[in-house]
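Undergrad: Fold the following and give me the result.
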Amino acid sequence: MTWRTSTWPCHTAGARRVAVVARCRLSSDRQRAWGRRLGGRLPAPRGDPLFGNGVASVIVSMMTLATDQTLQAAAPAEDAVTRLRVWGTGVVHYLPESPVDVSIGRADTCGVQVDDPTGLASRLHARLAPIDGRWELQDLASTNGTRLDGVPRRRFIVQAGDELGIGGATLVAESPRSIALRGFIARVIGLAADRAPAVDQALRAIRLAAAHRSPLVLRGESDLVPVARSIHRRAQGPARPFVVCDPRRRRGKATVRMAQNFETATPALAAAAGGTLCVRIARLPPDFNVVVDALRDPSTSVQLVVCAGTADLYAPFLAATIAIPPLASRADEIDRIIEEYAADALAELDGQQSEFPPSDLLWVRMHSASSLPDIEKATLRLVAIRESQNLARAAARLGMAPVSLSRWIGRRRLPMNVEP
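TA: Residues are numbered from 1 along each chain as shown. As a prediction, the model looks like this:
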């Protein structure tokens, strides 16, 4: 079959709904049936290879782009915007700390000079005015107007993550938290400059999911739950719950190395209130319909993250998807990825070390660099071992049994001397 995707908008109660329909070379009746399902008007029949297990139903029902007001509300109010970055690049414009107006446009005199090859941006297009510690963007009667997340607006309060359309250019509002999140997404997707657009697409997907309008779907070759947990901690903060629902794992509390897990959806959904519920698409709980029903409720306070494989047939239908490339295609970035995970481990464990030793970096590269979760696991455990000086204390610090830590080491010689 040959797949082709298209989108169409419709307007309901101030929100913009976007439905994605996959068209293949099938009968017109089958295409219409699929289109109705994607619109959420028909339930999926049991046994349908694309829609039968409930995940696609959740995705379809949640494929609603929030209004610009909803997206603004999703951004943390205390996370002040400090700079504007050109979308898909690393070019940034820093905003002044003092409360002064900042002009935006093509003119040389503008505080934020926009490079717009299309010529649609006016010389003096808009301005940022400081109001109560935040920035309000005001359009200055520009020829082609100003957009917030693609929607024309004359004036609005700027929140971290907002995409500001200035003529043919797009600027992304950034805060310290969103900058840290972007750094992690670049680590996951690719650090090279040509991967910057994919990073911004991923950030857009995270933001859409944070507004509880679409599940966030991670697609890759390895276990992506650790990646989902790291995104959650950077996007929502470590204080909010991150809960996994995996019927193949025992119920357990969260530790430094592992998320809280439930075997069934009902208690998992309750525990995830105000935070994130994460499921593996190949290990859905038997009562997953509870999640489906809950996420259709507009008052839900739970964000759903679905971890899927690269060959999953759901890909054409997902509204907010992040595709994570295999590490085998990023050999020149491995050392930097290890260093960044090591810095996370030192911060997580309140390590006294100022840096990750080169010998440890080499050890991770040689013995535990087949995937991002492997690197995260190895750096966390090496930092714990160095900080604790013996396996028993290190295991306690990690919330695992000493025998499990010993098995992980196996016959591989560690880059440091350590007592049992």
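Undergrad: Need the residue closest to the centroid of this protein.
TA: With the centre of the chain defined as its mean C-alpha position, the nearest residue by Cα atoms, centre = their mean is residue 206, 4.0 Å away.
Undergrad: is it true that it lies in a strand?
TA: No: counting by DSSP: H, G, I helix; E, B strand; the rest coil, residue 206 is located in no strand; its state is helix.
Undergrad: For it, give its distance to residue 394.
TA: According to Cβ to Cβ, to the nearest Å, residue 206 and residue 394 sit 33 Å apart. Placement of C-beta: from N, CA and C, glycine included.
Undergrad: Run a quick neighbour tally on residue 82.
TA: With neighbours defined by other Cβ atoms under 10 Å, the count for residue 82 comes to 18.
Undergrad: just use 303 as the starting number from now, easier for me
TA: With the count now opening at 303, the last piece we talked about shows up as residue 384.
Undergrad: which residues touch it?
TA: 396, 397, 476, 477, 478 (Cβ atoms under 8 Å, 6 or more residues apart in numbering).
Undergrad: so who does the residue lying closest to the first one once chain neighbours are set aside touch?
TA: If you skip the residues right next to it in sequence, residue 396 has residue 385 as its closest partner in space, 4.8 Å away by Cβ to Cβ, 6 or more residues apart in numbering. Under the criterion of Cβ under 8 Å, 6+ apart, the contact list for residue 385 reads 394, 395, 396, 397, 476, 481.
Undergrad: Filter the residues you listed down to just the ones in helices.
TA: residue 481 (DSSP state H).
Undergrad: Count the residues that sit near residue 545.
TA: Neighbour count of residue 545, defined by other Cβ under 10 Å: 23.
Undergrad: Pretty sure it sits in a strand.
TA: Yes: assessed with three-state DSSP, residue 545 lies in a strand.
Undergrad: now do the same end-to-end measure for stretch 388-396.
TA: The straight-line separation of the ends of stretch 388-396 (Cα to Cα, to the nearest Å) is 11 Å.
Undergrad: hmm, I was thinking of stretch 451-463
TA: End-to-end distance for stretch 451-463: 9 Å, by Cα to Cα.
Undergrad: What residues sit buried inside that stretch?
TA: Residues of stretch 451-463 classed as buried by neighbour count (16 or more other Cβ atoms under 10 Å): 451, 455, 458, 459, 460, 461, 462, 463.
Undergrad: now stretch 532-544
TA: Neighbour-count burial for stretch 532-544 flags 532, 533, 534, 535, 536, 537, 538, 542, 543, 544 (criterion: 16+ other Cβ under 10 Å).
Undergrad: any chance of these in JSON lines, with secondary structure too?
TA: Supplementary listing: the buried residues of stretch 532-544 in JSON lines, determined by three-state DSSP:
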{"residue": "532", "secondary structure": "helix"}
{"residue": "533", "secondary structure": "helix"}
{"residue": "534", "secondary structure": "helix"}
{"residue": "535", "secondary structure": "helix"}
{"residue": "536", "secondary structure": "helix"}
{"residue": "537", "secondary structure": "helix"}
{"residue": "538", "secondary structure": "coil"}
{"residue": "542", "secondary structure": "coil"}
{"residue": "543", "secondary structure": "coil"}
{"residue": "544", "secondary structure": "strand"}
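Undergrad: Residue 406: which of the residues you listed is nearest?
TA: The shortest gap between residue 406 and any of the buried residues of stretch 532-544 belongs to residue 537, at 26.8 Å (Cβ to Cβ).
Undergrad: residues touching the closest residue in space to residue 706 that isn't next to it in sequence, list them.
TA: Excluding the flanking residues, the one nearest residue 706 by Cβ to Cβ, 6+ apart is residue 697, at 7.1 Å. Shown in contact with residue 697 (Cβ under 8 Å, 6+ apart): 686, 703, 704, 706, 707.
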